[in-house]
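Undergrad: Sequence plus predicted model, see below.
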Amino acid sequence: PVTTATPDPAQPASGWFTGLVLVTLAGVDEAQGSGVAKTEFQLDGGAWTAYAEPVVVTGDGPHTLNYRSVDRAGNVEQAKALALKVDATAPVTTADFLPVGQGTVPVSLAAADATSGVDRIEYALDGGAWTAYTAPVNVSGVGAHELRYRAADKAGNVEEIKAATITIEPEAQPTILISGVADGTSYGDSQDLTIAWEVAGANIKSVTGTLDGRPFVSGSVQALYLLPLGAHTLTVTVETNAGGRVEQSVAFSTRTSSDDISALIDRFEAAGRLSATGAYKLQDDISKVMVSEDKGRDRDKKKIVKKLERFVEAVNDPKIVSDAQVKATLLRDANALIVANDGQPV
């Protein structure tokens, strides 16, 4: 027999898939042959498995799907291989504040991407046009400024917008510089944010930061799945020796999606908090949700809810998910999508 493998979505021009891939296998025997008895596959060196439905391929990096069919006469096809490269993670850009000059704050940007590599960095200052980054950006003038920035990788993933928020005060007052989060931006809960701040000026008594009213340390990495979905506020407060007080806040929000759930499953599996078998089952269930979502039709909402309810059943199975925090996170996100599709949380 002869087997063909068809990935969905189709192989991108960049060579990199930017999310979960479903591979359909189809075996056919010659016209007067005995017919196909079975098709089987082997993913990334795992065990050979009987093919019953599209194979789910996920997780950043290269993957190899071997496949073959056997006819009823016992003839075994020479195994074929499909090479796939996945990069579902956007690059991460960091902003550093260079030494502050008289009324001017130079901001340096740098991006990293562990899989396909960084393609470009761009920025927009105070609502201006997006511009390719080539050298530190000088922010100047008394008052509030926002330098938004993002990077794209060679797979085509574009980073959620982040920002350096800078309030330049008159000479007698401290200048607060916050980086890593953009005011008014909504972030998927599979992401991490590295939020930092610096304060420039003299006679500074103390600098404190809070996230949603709780102490937060500059430079900390915040895993967004650990925060509730919805609105959040980061506040940096500076007290001076003269009794003055300067405060700056950035508001943002967290959301979820089937893509975020898939990314979290990969994350939890990589951390050893989900077994490979459990992660595959969950990815298979969430991939079925994605297929219905991609049709973009209101009449498919009931189907999406039903598929999410099956995902919830799998999450509630202790043989699949035994980690309490993983379970709580996936249930929260699945129920948020059920409600978004006019269903009732379960």
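TA: Sure thing, it's come through.

Undergrad: CA only for contacts and neighbour counts going forward, please
TA: OK.

Undergrad: how about V291, phi and psi?
TA: With angles defined as degrees, to the nearest 10, V291 sits at phi -60, psi -40.

Undergrad: err, R332, not the other one
TA: Torsion angles, degrees, to the nearest 10, at R332: phi -60, psi -50.

Undergrad: Just give me the neighbour total for it.
TA: The burial metric for R332, expressed as a neighbour count using other CA atoms under 10 Å, is 19.

Undergrad: wait, I265 sits on L282?
TA: Yes: between I265 and L282 there is a contact under CA atoms under 8 Å: 7.5 Å.

Undergrad: now stretch 287-295: mean pLDDT?
TA: When pLDDT is averaged along stretch 287-295, the result is 91.

Undergrad: Equivalent analysis for stretch 199-214, please.
TA: Stretch 199-214 shows a mean pLDDT of 93.

Undergrad: And stretch 232-249, by the same measure?
TA: Per-residue confidence for stretch 232-249 averages out to 93 on the pLDDT scale.

Undergrad: Stretch 25-38 now?
TA: Averaging pLDDT along stretch 25-38 gives 95.

Undergrad: buried set for that stretch?
TA: Judged by neighbour count using 16 or more other CA atoms under 10 Å, the buried positions of stretch 25-38 are 25-29, 35-38.

Undergrad: Can you tell me which of those residues lies closest to P228?
TA: Ranking these by separation from P228, with CA to CA as the measure, puts L25 on top at 40.3 Å.

Undergrad: Not counting its neighbours along the chain, what's nearest the closest one?
TA: Of all residues beyond its chain neighbours, the one nearest L25 is A5 (4.7 Å), with distances taken as CA to CA, 6 or more residues apart in numbering.

Undergrad: Can you name the helix or strand that that neighbour falls in?
TA: When secondary structure is defined using DSSP states H and E, the element that contains A5 is strand 2-8.

Undergrad: Could you tell me which residues within that strand count as buried?
TA: Within strand 2-8, judged by 16+ other CA under 10 Å, the buried ones are 2-3, 5, 7.

Undergrad: Ok, stretch 329-339 next?
TA: Neighbour counts using 16+ other CA under 10 Å place 329-338 of stretch 329-339 among the buried residues.

Undergrad: Right, I'll leave it there.
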